[in-house]
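Asks: Would you be able to build a 3D model of this:
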Amino acid sequence: MDDLDELEGVLADAGFSGYEAAAYVGLLRLRDASVSELADVCSVPRSRLYDVLEDLEEAGYVETYEREALRGRVANVSPAAEELRERATRLEDAADHLEDRWERPRFEHTDMSVFQTHAATVTEATARVDAAEHTVHLCVSPDELLELADPLRDAVDRGVVIRIAVQAGEADGDEDLPHLFPDVAAEVRRCESTAHFIALVDGSFAALAVDNEWDGQYGLVVDDNALTSILHWYYQIQLWEPWDTLYTASMGSPTTYVSIRELIRDIESVRADDETVTVRVEGVETQSKEAVEIEGEVVDVIYTDIYEDRDVTFAQQFIQAALRIRSDGEEYTVGGYGAVLEDVRAIQMTITDID
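Replies: The predicted structure is shown next:
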């Protein structure tokens, strides 16, 4: 920086007062000067230079000494240079922070976030998978699955039930990918539908990331029961149920479910009229929002009969599916994703006995 006037402005921006910046640059010009000599080359009034030099000396930027009159000099520019470098580092960090916040701004007073990039959305979803306690549903490309492999392994070790729809295409050519499935999921299916990245975690969190030539890049993340349930139904109907299974773990007995419709389908297919089915439900009370666990006899199955040999319309998939369970003399209604009318929104269900 050759222009000392510009340097004076930078010092002022860096925290020097206007007079301090002017006096410091003046001393840089003269190297060593009396107050009167300094007053001739800078804009600081002579009467103020004494106090200004004293302040600069206290800050460690200049030295003063007496020789017939008060003089000042810059013995070492290192203190001022270090101050500028530290300020530059803070400004650089602030610029990085601005860019980061621009990529994922949040709307205040809502449980919805809009992200500017696909990568930022996947990063947010990865953090939620890291904290998952019960269930994770994913629709991912093979590359995204590899990126999420470590947090998924950790979640499996914690007992989280994970289902993954792997987008077709690249998955067919990756010979190593099937070896990963047992480590990261209870079940994996080959999704041949055109799909975006989707993550559903513990029944309340959902992430959708888009990256294509038509729509560009953006992401949507919600902590909202209604919006999450819509994405869940899209996942279940479009990305999961129609497609072939690539891998399924041996869940053993009892069997664990994360979809109440799949549980209902199995209950209706295996029980006889005089049999009693007992289930354990881990979920959330829809009124209090508190975690709850109940175990009891299934006394009623509430659903639209879509399992007979007839055509199924798209709308019928959204009609209520629920269980009525009797436990310790009390009856509870249990629904799945998006449950509002029922007493409990199920996160994970287990058939414990069929008698």
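Asks: Then P242 would be within a strand, right?
Replies: No - in this structure, P242 is coil, not part of a strand, as judged by DSSP: H, G, I helix; E, B strand; the rest coil.
Asks: quick one, phi/psi of it?
Replies: Main-chain torsions, P242, degrees, to the nearest 10: phi -80, psi -10.
Asks: Pull up the gap between P142 and Q167, please.
Replies: Between P142 and Q167 the distance, using CB to CB, to the nearest Å, works out to 8 Å. In short, each C-beta sits where N, CA and C put it, glycine included.
Asks: all helices of the stretch 201-350 of the chain, in order?
Replies: Using DSSP state H, counting those that start in this stretch, the helices of the stretch 201-350 of the chain run over residues 225-234, 260-270.
Asks: Quickly, which of the ones you listed bottoms out on average pLDDT?
Replies: Looking over these, mean pLDDT reaches its minimum on helix 260-270, with a mean of 77.
Asks: contacting residues around the spatially closest residue to L49 that is not a sequence neighbour?
Replies: Nearest non-adjacent residue to L49, counting by CB to CB, 6 or more residues apart in numbering: V35, 4.9 Å away. Listed by CB atoms under 8 Å, 6 or more residues apart in numbering, the contact set of V35 reads R46, L49, Y50, L53, A69, L70, R71, G72.
Asks: one more time with 10 Å, if that's ok
Replies: Each residue near V35 by CB atoms under 10 Å, 6 or more residues apart in numbering is listed here: 23, 44, 46-47, 49-50, 52-53, 64, 69-72.
Asks: Show me the chain divided up by domain.
Replies: 4-80, 112-248, 255-354 (automatic domain parsing).
Asks: Please work out which of these is packed deepest.
Replies: The highest mean neighbour count among the domains of the chain belongs to domain 112-248 (a mean of 18), with neighbours defined as mean count of other CB atoms under 10 Å.
Asks: quick one: pLDDT of the nearest residue to L208 once chain neighbours are set aside?
Replies: Once flanking residues are discounted, L208 sits nearest to L220: 4.7 Å by CB to CB, 6+ apart. According to the model's per-residue confidence, L220 sits at a pLDDT of 90.
Asks: what bits of the chain have low per-residue confidence?
Replies: Judged against pLDDT under 70, the low-scoring parts of the chain cover residues 1-3, 67-68, 98, 101-110, 169-175, 250-255, 270-273, 304-320, 338.
Asks: need the contact list for the residue most central in space within the chain.
Replies: With distances taken as CA atoms, centre = their mean, the chain has E124 as the residue nearest its mean C-alpha position (1.9 Å). With contact taken as CB under 10 Å, 6+ apart, E124 is in contact with R104, S113, F115, A199, F205, A207, A209, G219, V221.
Asks: swap the cut-off to 8 Å and go again
Replies: R104, S113, F115, A207, G219, V221.
Asks: measure the fourth one to R265 for me?
Replies: Distance from A207 to R265, counting by CB to CB: 28 Å.
Asks: Ok, the second one next?
Replies: Note on S113: its distance to R265, by CB to CB, is 35 Å.
Asks: now swap in the last one and tell me
Replies: Separation of V221 from R265 (CB to CB) stands at 31 Å.
Asks: can you give me how far the longest strand anywhere in the chain is from the chain middle?
Replies: Of all the segments assigned as strand in the chain under DSSP state E, the longest by residue count is strand 291-303. Mean C-alpha position of strand 291-303 versus that of the full chain (CA atoms, centre = their mean, to the nearest Å) differs by 33 Å.
Asks: quick one, that strand and helix 260-270 angle?
Replies: In terms of direction (axes from the mean of the first three to the mean of the last three CA atoms, to 10 degrees), strand 291-303 departs from helix 260-270 by 60 degrees.
Asks: Can you name every helix or strand that strand 291-303 contacts?
Replies: Contacts defined by 3 or more CB pairs under 8 Å, 6 or more residues apart in numbering; DSSP states H and E place strand 291-303 against helix 260-270, strand 277-285, strand 321-327, strand 330-335, strand 344-354.
Asks: circling back: compare the domains of the chain and give me the one nearest A88.
Replies: Across the domains of the chain, A88 has its closest neighbour in domain 4-80 (8.7 Å, CB to CB).
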